[in-house]
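Trainee: coords below, sequence missing:
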């Protein structure tokens, strides 16, 4: 009996060790990441969803959940206040927070949009031709819109008096309608967003809308990046690296198979119009994600000199209390190696 009892105890101990080891492995492979996107579920979000649906995050030991966003600018404070671990937000809003509250500001770790998409859209027949024509006019934008937040910087760059321009807030879904109904003279936004939102309500943006682009007036700024809270990055550096490795695969997959990317969006938002969202994705890839510099540094990275100049533009225009260093707003150490990242961005036909 003694031998039998000893054997059973050994069996129980072995089983306990197996269960404990299994639980440890599960815990190790189940790092949760809560992420807020820049906007509602649209074509460009397919890059994230492909990575999720194809198990790329899971392969890195991650359990990632996505929430729709309320503007690129809104993602920054939401990550800063701990509501989210990571976000897809405007790096310029991050720079501003880093200048004001450096200890609270998240850090950029992967630059998704490297060309400035910021614009004021006007009707094609509008007398507004340049920013100087904004004076005495009424412009509208969503409160958390990245372009609206950068308006003071545009005013400074073009030497116009912002106080002589009336700015009104509006719901994002009303932007194009209010413009076409002459309720405002111009609207703030991202070029691709406005262009395809207009198409969804029967407006031909190529014929009925004209874009005054911030980038044409000395505002060579970066745009949306993957941002992460400093606390999360410090405590979970491997999780951040794994996330970027998986997302990088999702970006490449979306380029290779845009149709699959849109299907991934449609699983989450069945009411989208696939043909419009595919065109939106392809425009994002070709316009907002295609900068000549990525042929050298690869997608996801930044040019330090260009970022430094962007920081100076914002600090000067917004009279920020300090000038963050490039390293205060962007940390490339979490990215996959250059050999694994795209050096050209183009959707397959």
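Mentor: On my side now, so go ahead. Just so it is clear, the structure is predicted and the values come from calculations on it, not from any experiment. Numbering: from 1, shown residues only.
Trainee: How about the contacts made by residue 101?
Mentor: Applying Cβ atoms under 8 Å, 6 or more residues apart in numbering to residue 101 gives the contacts residue 80. For glycine as for every other residue, the C-beta is placed from the backbone atoms N, C-alpha and C.
Trainee: what's the distance between it and residue 340?
Mentor: For residue 101, the distance to residue 340 equals 34 Å [Cβ to Cβ, to the nearest Å].
Trainee: Could you do residue 299 as well?
Mentor: 10 Å.
Trainee: Give me the common contacts of these two.
Mentor: residue 248.
Trainee: if you count what's nearby, which of these two comes out ahead?
Mentor: Higher neighbour count among residue 299 and residue 340: residue 299, with 25 against 13, using other Cβ atoms under 10 Å.
Trainee: Next one: that one from residue 176, what distance?
Mentor: In terms of Cβ to Cβ, residue 299 sits 30 Å off from residue 176.
Trainee: Show me the contact partners of the one helix or strand residue 87 maps to.
Mentor: Assigned by DSSP states H and E, residue 87 falls within strand 86-90. Contacts to strand 86-90, defined as Cβ under 8 Å, 6+ apart, come from residues 33-38, 48, 69, 72-76, 78-79, 106, 112, 146, 149, 223-229, 232, 240, 243.
Trainee: Take these and keep only those in helices.
Mentor: Those of those mapping onto helices are 48, 72-76, 78-79, 146, 149, 232, 240, 243, per DSSP state H.
Trainee: Need the pLDDT of residue 12.
Mentor: Confidence at residue 12, expressed as pLDDT, is 62.
Trainee: Other residues contacting stretch 331-349?
Mentor: 107-110, 228, 233, 237, 240-241, 244-245, 248, 251-252, 254-258, 281-282, 285-286, 289-290, 294-302.
Trainee: buried set for it?
Mentor: By neighbour count on 16 or more other Cβ atoms under 10 Å, the buried set for stretch 331-349 is 331, 332, 334, 335, 336, 341, 342, 345, 347.
Trainee: And stretch 298-307, by the same measure?
Mentor: By neighbour count on 16+ other Cβ under 10 Å, the buried set for stretch 298-307 is 298, 299, 300, 301, 302, 303, 306, 307.
Trainee: again, but for stretch 78-85
Mentor: 78, 79, 80, 84, 85.
Trainee: for those residues, which one is nearest residue 324?
Mentor: Nearest to residue 324, judged by Cβ to Cβ, of the buried residues of stretch 78-85 is residue 80 at 14.0 Å.
Trainee: picking that back up, which of the contacts of stretch 331-349 fall in strands?
Mentor: 107, 108, 109, 110, 228 (DSSP state E).
Trainee: Dump those to CSV, plus pLDDT.
Mentor: As requested, those are exported to CSV (pLDDT from 0 to 100):
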residue, pLDDT
107, 98
108, 98
109, 98
110, 98
228, 98
